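Q: Next one to model:
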Amino acid sequence: DMYRGFLDETEDNMNCVMKDVTKTSADGKKSQIDHIFIRGSQVSFFVFPTMLKKAPMFNRVRMWRKHRGNPPKTEGAKGQAAV
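A: Model (predicted):
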C-alpha cells in the first residue's frame, strides 16, 4: 500500500502520523483517510519535496553522514544561548 498526505508527527523509530491521506492499494484502489498511524517497521521510504534538500534542520544529518557518526568536537559555547 502507498500513503500520500501530510506528515504530521514522527518518532525516532519511524512511527508516523499522517493527515489528509490518500491510500492506494496494491490493486490500484484509492481511498481517503483523515488521520492514520503507520508503524515505523512498515515504512519502506519517504518522498519529501525537493525544497527540503537545503533545509537547515538536515544540517545535523549531513554532518553525521560526513563524519560517519563521529562529528568532531567543537570548542567554545554550544546551543542557542551562545549566539
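Q: Which pLDDT value belongs to the nearest residue to Asn13 once chain neighbours are set aside?
A: Sequence neighbours aside, Gly40 is the residue nearest to Asn13 in space, at 4.5 Å (criterion: C-beta to C-beta, 6 or more residues apart in numbering). From N, CA and C alone the C-beta is placed, and that goes for glycine too. Predicted confidence (pLDDT) at Gly40: the value is 91.
Q: same deal with Gly76?
A: For Gly76, the pLDDT comes out at 55.
Q: How many residues are close by Val21?
A: Residue crowding around Val21 was assessed by other C-beta atoms under 10 Å; the count is 20.
Q: give the contact list for it.
A: Neighbour list for Val21: Tyr3, Arg4, Gly5, Phe6, Gln32, Ile33, Asp34, His35, Ile36 [criterion: C-beta atoms under 8 Å, 6 or more residues apart in numbering].
Q: likewise Leu52?
A: Applying C-beta under 8 Å, 6+ apart, one finds that Leu52 lies in contact with Phe58.
Q: What of Lys54?
A: Counting by C-beta under 8 Å, 6+ apart, Lys54 touches no other residue.
Q: any idea how far it lies from Arg62?
A: 10 Å (C-beta to C-beta, to the nearest Å).
Q: Next, work out how far apart the residue nearest to Asn13 and Ser25 are.
A: Relative to Ser25, and taking C-beta to C-beta, Gly40 is found at 21 Å.
Q: Same question for Ile36.
A: Distance check for Ile36 against Ser25: by C-beta to C-beta, it reads 14 Å.
Q: now Gln32
A: When Gln32 is compared with Ser25 (using C-beta to C-beta), they lie 13 Å apart.
Q: Determine the three-state secondary structure at Asp27.
A: Of the three states, Asp27 takes coil under DSSP: H, G, I helix; E, B strand; the rest coil.
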